[in-house]
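Colleague: coords please:
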Amino acid sequence: MMKSYLLGIDIGTSACKVAVFDKEGKVLAAANGDYPVYYPQEGWAEQNPEEWWSAVCRATKETVQKAGIAPAEIAGVGIDGQSWSAIALDKEGKVLTNTPIWMDTRAQEICERLNKEIGEDKIFEVAGNSLQPSYTTAKIIWYKENLPEVYTGKRKHTVVAAGRLVEQKNHVNLFYAFRDFLHHYPDYVLHLYGQGELEQDLRELAEKLNIKESVIFEGFHENILNEIKDAGMYVLSSDYEGISNSLLEAMAMGMPVISTDCPSGGSKMCIQNGVNGILVPVAESDALAAAMEKIASSEDFATQIGKEATKVRDRFSMQNIVEQWIELLTEL
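Modeller: Residues are numbered from 1 along each chain as shown. Prediction:
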């Protein structure tokens, strides 16, 4: 079969365009494939590369069918894409997190810091370009400093919990679960962030359960996100809770999370069990220990639910919340 056609694929910012050309350059057929841009924070603009791939596959299939040709008749494929992304992949080629695209400016402070430390002239002399947040280098450094598990591929063997040390948070249940978990994963350490009236009681319980050496009372931290960003998992053990800010922040960072399925249902609003986190019954230490073991035993599972968890950045973004309020008020 003679190969007489060319396939062109343009992966743009809001959609991909695919076309089939004959040898004279005439367009025989074309199709588009759409995908969203996510704006989880001010200055951030990111996309899911898996959605690029799905859109390209759909549009390519549609284009070839509309052209009425066989794939074997295509002599060559030309591909171009949007500039200056930084796609994080594991060794099997799996996408680890959404990629900041060319219009993303989250690395602005990194650029300012490096321009000051190294010097703008020196950077230009070495790279032939100035350092800008839209360029790939700044994005990679942002990964290293803010998502170390994406940059290095490894999370620490740590469990973190954050909240006031009060009865509502049920750290007692967490301690019993962590004791059982340690029997199978003795190298893990529990980091407890927060202060409260039960601190002394919890210290005594840690000693009683013989986990004192594996529990660290961190107290109050102003920049807790920087402290926990490469933790192995986040656990919320509350008896009752609204939508927990610390849970949302852990999910937005791509951390594997576990929460009790407690009233008034805030965690259930955020977590789809087994997809972007794990929900366990309230005050059942056996179930909590089993969930911790599930994350610790499977790096693939931990990575997958962490990746899915990052989607809360878009779901609960200021833009989406404002739009929902406007829609609600319009209906009144």
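
Colleague: from Gly78, how far out is Met2?
Modeller: According to C-beta to C-beta, to the nearest Å, Met2 and Gly78 sit 19 Å apart. In short, each C-beta sits where N, CA and C put it, glycine included.

Colleague: looking at the two, which is more packed in?
Modeller: Gly78 (11 against 8; other C-beta atoms under 10 Å).

Colleague: surely the more buried one is in a strand?
Modeller: Yes - assignment of Gly78 by DSSP: H, G, I helix; E, B strand; the rest coil places it within a strand.

Colleague: once you drop chain neighbours, what's closest to it?
Modeller: Gly8 (5.0 Å; C-beta to C-beta, 6 or more residues apart in numbering).

Colleague: hang on, the one you found packs against Ala19?
Modeller: Yes - counting by C-beta atoms under 8 Å, Gly8 does reach Ala19; the two are 5.0 Å apart.

Colleague: intersection of neighbour lists for these two?
Modeller: With contacts defined as C-beta atoms under 8 Å, 6 or more residues apart in numbering, no residue is adjacent to both Gly8 and Ala19.

Colleague: let me see the contact set for Phe21.
Modeller: 5-8, 27-28.

Colleague: could you do Glu145 as well?
Modeller: By C-beta under 8 Å, 6+ apart, the contact set of Glu145 is Ile110.

Colleague: repeat for Tyr38
Modeller: Neighbours of Tyr38 in contact, by C-beta under 8 Å, 6+ apart: 44-48, 98, 313-314, 317.

Colleague: output the below-cut-off pLDDT ranges for the protein.
Modeller: Low-confidence segments of the chain (pLDDT under 70): 1.

Colleague: just the helices in it please.
Modeller: Remark: helices assigned in the chain by DSSP state H are 49-67, 108-117, 120-127, 136-146, 148-152, 171-184, 199-208, 224-228, 245-252, 266-270, 285-297, 299-309, 312-315, 318-331.

Colleague: chain center to the first one, what's the gap?
Modeller: Its chain's C-alpha centre and that of helix 49-67 lie 25 Å apart, by C-alpha atoms, centre = their mean, to the nearest Å.

Colleague: show me the contact partners of stretch 207-220.
Modeller: With contact meaning C-beta under 8 Å, 6+ apart, stretch 207-220 is reached by 175-176, 178-179, 182, 186, 188-195, 199, 202-203, 206, 227.

Colleague: buried subset of these, written for PyMOL?
Modeller: Paste this into PyMOL to select the buried members of these, with burial taken from 16 or more other C-beta atoms under 10 Å:
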select buried, resi 175+176+178+179+182+188+189+190+191+192+193+194+199+202+206
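
Colleague: okay, now the nearest residue to Trp102 once chain neighbours are set aside: neighbour count?
Modeller: Nearest non-adjacent residue to Trp102, counting by C-beta to C-beta, 6+ apart: Trp84, 4.4 Å away. Neighbourhood size, Trp84 [other C-beta under 10 Å]: 17.

Colleague: list the contacts of Ala287.
Modeller: With contact taken as C-beta under 8 Å, 6+ apart, Ala287 is in contact with 280-281.

Colleague: please repeat the previous calculation with a cut-off of 10 Å.
Modeller: Taking C-beta atoms under 10 Å, 6 or more residues apart in numbering, we find Ala287 in contact with 173, 177, 258, 260-261, 278-281.

Colleague: can you tell me how far it is from Asn273?
Modeller: Taken as C-beta to C-beta, the span from Ala287 to Asn273 is 12 Å.

Colleague: and for Thr105?
Modeller: Taking C-beta to C-beta, one finds Thr105 at 35 Å from Asn273.

Colleague: then Ala59?
Modeller: Shown here: Ala59 relative to Asn273, a distance of 34 Å by C-beta to C-beta.

Colleague: more neighbours: these two, which one.
Modeller: For Ala59 versus Asn273, neighbours defined as other C-beta under 10 Å are more numerous around Ala59 (22 against 15).

Colleague: what sits closest to the more buried one if chain neighbours are left out?
Modeller: Nearest non-adjacent residue to Ala59, counting by C-beta to C-beta, 6+ apart: Gly33, 3.7 Å away.
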